[in-house]
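J.: fold the following and give me the result.
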Amino acid sequence: MVMTTPASTPPRWSAPEGVWTEPDLHLFPQDGHRYEIVDGCLHVTPPPPESHEAVVRAVVTTLRAAAPPGWWVCDRLGIAINQGTSGESNLVPDVAVLRPRSSGAVWSDPADVALVVEVETPATRRYDRTLKPALYAEAGIHAFWRIEAGRATPLLRTFVLSGSRYRPGHSVEGAEPVKLDAPYPMRIAPAAWL
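T.: Here you go, the predicted structure:
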């Protein structure tokens, strides 16, 4: 990928020869867009609204408060998924929980990831409901959470890996805490995320 900058025009990016790879992602500006690779193809989502960012921060706080020693809770940590002949995928979930003794690499290995969380926006709804969960499941990530807009509070839907797919777990909404076991035992009340 090459950036060209004539004197009076904004930067323009050109695609690489062949598939997109992880090093190509480092050339993009830190402009709030999310740049990811799926099977060697670039996928870009627009900057999320502040309401999305507030929920991400609240989820990180909740998960960190419940985390046993040695576990890591990170927002926007990249996960490198090598899919062999179909190309590589580099995904950036809203939140990831890493197991103790993780590698600490810039792009995490799926084996180190115990949970990924996606907070839906209108621009990411299909991506967060279909493509990303399928890729996370194929990579063997044990648990997936999707947070949607609920009636009055965020709605948390949990999923646990069963074979090569996620099976639905809990649907949690409101102020009444619900006990969850994955990635580690905790009590969750999505109303606290507002």
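J.: where does the nearest residue in space to residue 77 that is not next to it in sequence land in three-state SS?
T.: If you skip the residues right next to it in sequence, residue 77 has residue 96 as its closest partner in space, 4.6 Å away by CB to CB, 6 or more residues apart in numbering. Any C-beta I mention is one placed from the backbone N, CA and C, and that applies to glycine too. For residue 96, the reduced secondary structure class is strand; criterion used: DSSP: H, G, I helix; E, B strand; the rest coil.
J.: residue 96 - how many residues pack around it?
T.: 27 (other CB atoms under 10 Å).
J.: residue numbering should commence at 218 henceforth.
T.: All set: I'll call the first residue 218, so the last point we hit is now residue 313.
J.: residues in contact with it?
T.: Counting by CB atoms under 8 Å, 6 or more residues apart in numbering, residue 313 makes contact with 290, 291, 292, 294, 296, 325, 330, 332, 333, 334.
J.: swap the cut-off to 6 Å and go again
T.: With contact set as CB atoms under 6 Å, 6 or more residues apart in numbering, residue 313 has these partners: 291, 294, 330, 333.
J.: ditto for residue 372
T.: With contacts defined as CB under 6 Å, 6+ apart, the neighbours of residue 372 are 365, 390.
J.: hang on, it in a strand?
T.: Yes: when three-state DSSP is applied, residue 372 is found to be in a strand.
J.: just name whatever secondary elements the lengthiest helix in the chain is in contact with.
T.: Across the chain, the helix with the greatest residue count (assigned by DSSP state H) is helix 267-283. Helices and strands touching helix 267-283, by 3 or more CB pairs under 6 Å, 6 or more residues apart in numbering; DSSP states H and E, are strand 289-292, strand 330-336.
J.: save those strands as JSON lines, and put in mean pLDDT too.
T.: Conversion of the helices and strands packed on helix 267-283 to JSON lines gives the following (pLDDT from 0 to 100):
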{"stretch": "strand 289-292", "mean pLDDT": "96"}
{"stretch": "strand 330-336", "mean pLDDT": "98"}
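J.: please work out which of the ones you listed is packed deepest.
T.: Highest mean neighbour count of the helices and strands packed on helix 267-283: strand 330-336, a mean of 24 (counted as mean count of other CB atoms under 10 Å).
J.: whichever helix or strand comes after that one - what's its average pLDDT?
T.: Sequence-wise, the next helix or strand beyond strand 330-336 is helix 342-343, with elements assigned using DSSP states H and E. Per-residue pLDDT values over helix 342-343 give a mean of 96.
J.: which is the next helix or strand following helix 342-343?
T.: Sequence order places helix 349-355 as the next helix or strand after helix 342-343, per DSSP H and E.
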